[in-house]
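1. the following comprises the amino acid sequence and a computationally predicted model.
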Amino acid sequence: MHHRLAPSSARGLLYVALAGIAWGTGGPTGALLLQDSGLNSTAISFWRLLSGAIWLAAACRLLRRGRIARQFAAAPLRYLLSGLGLAVCQLGYFAAIPRVGVAVATVISLGVGPLFIALGARERITGTLLLAVLGLALLISGGGGTGGASIAGIAFSLLSGAGYALTTLLSRDQQDPITSALLGFTAGALILLPLAMTTGITPAPDSWPLLAYFGLVPTALAYALFYTGLRAIRASTAAVIALIEPLLAALIGVLAFHEHLTALSLTGAAVLLAAVLLQARRE
């Protein structure tokens, strides 16, 4: 396999920050697809990963990244587990929402992700990491929709965070992040396919452009940037920097959907942004 030089720490931080920005457009895109595509969340997750795999396959061909089958054969369990993590992350989050609400599901799944990653990587859980989780909780919970107390909903949220942590930990130190993401997406899509087929899997014709965007920007581009950044910075740092995602999602909600942030949400945004900047300076 041809080895590629790892990016510098500064460039790695930039890649992860850009990944967080790209991920930030995923929530609004998913909401629009749930509203207009005629698909449920499982089918949308399937199309997201499949579309992402198609975009990355095109990128690999354009960049002349060969030997994809050989890379999979060298570590098949790694890519199957990475795909399982991606699938579980999606399924757990969407299963938690009707049980505990969007706010609680988001806080738990995104909040425990960096904690699980730090534990899995045997890195210290720092005050900055905890500050980021606090800021996330204030940002999301300030919207007022806290949902109900459901053990199943909390468990699904934790499962979603564990899936995110699993695919992040397995994607560290990959010599070819683009091919690694392609293999993970393909495995994840195949895992989701039987579940998606239990309901309608064919999207409305006018939703294809939005599905293509969903697969390109917040999926293929975001994960390729994130996995590339993981080669240069610690996994726990990457997970904190990627929390730019809910900041951008909140901004899009204000600008595009005319949502209003409470004082608590604004405080949470400021705390989260401060934690992201502090973590970047410490790397």
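-> Now that the structure is in, tell me what you want to look at.

2. first-to-last residue distance for stretch 249-264?
-> 16 Å (Cα to Cα, to the nearest Å).

3. cool, stretch 203-220 as well?
-> Note: stretch 203-220 ends 20 Å apart using Cα to Cα.

4. which residues are contacting that stretch?
-> 22-26, 29-30, 32-33, 36-39, 43-44, 47-56, 59, 181, 185 (Cβ atoms under 8 Å, 6 or more residues apart in numbering). For the C-beta atoms, the positions are set from N, CA and C on the backbone; glycine is no exception.

5. count of neighbours near residue 71?
-> 21 (other Cβ atoms under 10 Å).

6. sorry, that was for residue 212
-> 14.

7. now the helices for this protein?
-> Remark: helices assigned in the chain by DSSP state H are 9-24, 26-36, 41-62, 68-74, 76-120, 127-141, 151-170, 177-196, 208-215, 222-229, 235-241, 244-257, 263-282.

8. now for the fifth one, which elements pack on it?
-> Yep, that's helix 76-120 we're talking about. If contacts are counted by 3 or more Cβ pairs under 8 Å, 6 or more residues apart in numbering; DSSP states H and E, helix 76-120 sits against helix 41-62, helix 127-141, helix 151-170, helix 177-196, helix 235-241, helix 244-257.

9. just the buried residues of the fourth one, please?
-> The neighbour-count criterion (16 or more other Cβ atoms under 10 Å) identifies 177-193, 195-196 as the buried residues of helix 177-196.

10. what lies in contact with it?
-> Identification of contacts with helix 177-196 by Cβ under 8 Å, 6+ apart yields 42-43, 45-46, 49-50, 52-53, 56-57, 59-60, 63, 65, 68, 71-72, 79-80, 82-87, 90-91, 167, 170-171, 174, 219-220, 223-224, 227-228, 230-231.

11. and the angle from the helix or strand of the chain with the lowest mean pLDDT to helix 76-120?
-> Ranked by mean pLDDT, DSSP states H and E, the helix or strand of the chain with the weakest confidence is helix 244-257, at a mean of 82. On the basis of axes from the mean of the first three to the mean of the last three Cα atoms, to 10 degrees, helix 244-257 is oriented at 90 degrees to helix 76-120.

12. low-confidence ranges, the stretch 151-283 of the chain, go.
-> Scanning the stretch 151-283 of the chain for pLDDT under 70 picks out nothing.
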